[in-house]
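>>> Need a 3D model of the following:
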Amino acid sequence: MTADDIAVGAVVRYPRTGTTGRVLRIEKVDGRQYAELDSTGLYYLVDELVSVDRMAGRAEKKERNLEEYLKEREELQQQLEGFWEKDTDQSCEGGG
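As a prediction, this is how the structure comes out:
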């Protein structure tokens, strides 16, 4: 982002760490502009921040309820148990 694209109150993300927050203030230090985020209280270079609006289309989280989560977990557990039974002879060798 450029300094012109960012404003106090904008929701932004710092891609290197995934930190997301609302801009509290913008300050210029040694000729570079920094934005303070409410989520961390830290300052980030404005030109390294990405607008969350631009990121919204990339990763959409699918909401699911507890029953769906438990069903998916049970299916995964059954798959893992199947792999263990299939790919090992149930022995416990030290190998050395």
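
>>> Could you check the pLDDT of A7?
Per-residue pLDDT puts A7 at 88.

>>> which residue packs closest to it, ignoring adjacent ones?
If you skip the residues right next to it in sequence, A7 has V23 as its closest partner in space, 7.0 Å away by CB to CB, 6 or more residues apart in numbering. (Each C-beta comes from the backbone N, C-alpha and C, glycine too.)

>>> Ok, R25 next?
E36 (5.0 Å).

>>> Look up how far L45 lies from the one you found.
Going from E36 to L45 by CB to CB, to the nearest Å gives 12 Å.

>>> wait, what's in contact with the residue nearest to R25?
Residues counted as contacts of E36 (CB atoms under 8 Å, 6 or more residues apart in numbering) are 23-27, 42-43.

>>> Which two among the residues you listed are spaced furthest apart?
Across these, the longest distance by CB to CB is 13.6 Å; it joins I26 and L42.

>>> quick revisit: so the residue nearest to R25 bridges to which residues?
Following DSSP bridges, E36 is listed with bridge partners R25, Y43.

>>> backbone phi and psi for K71, please?
Note on K71: backbone dihedrals following degrees, to the nearest 10 are phi -60, psi -50.

>>> That one: neighbour count?
By the criterion of other CB atoms under 10 Å, K71 has 12 neighbours.
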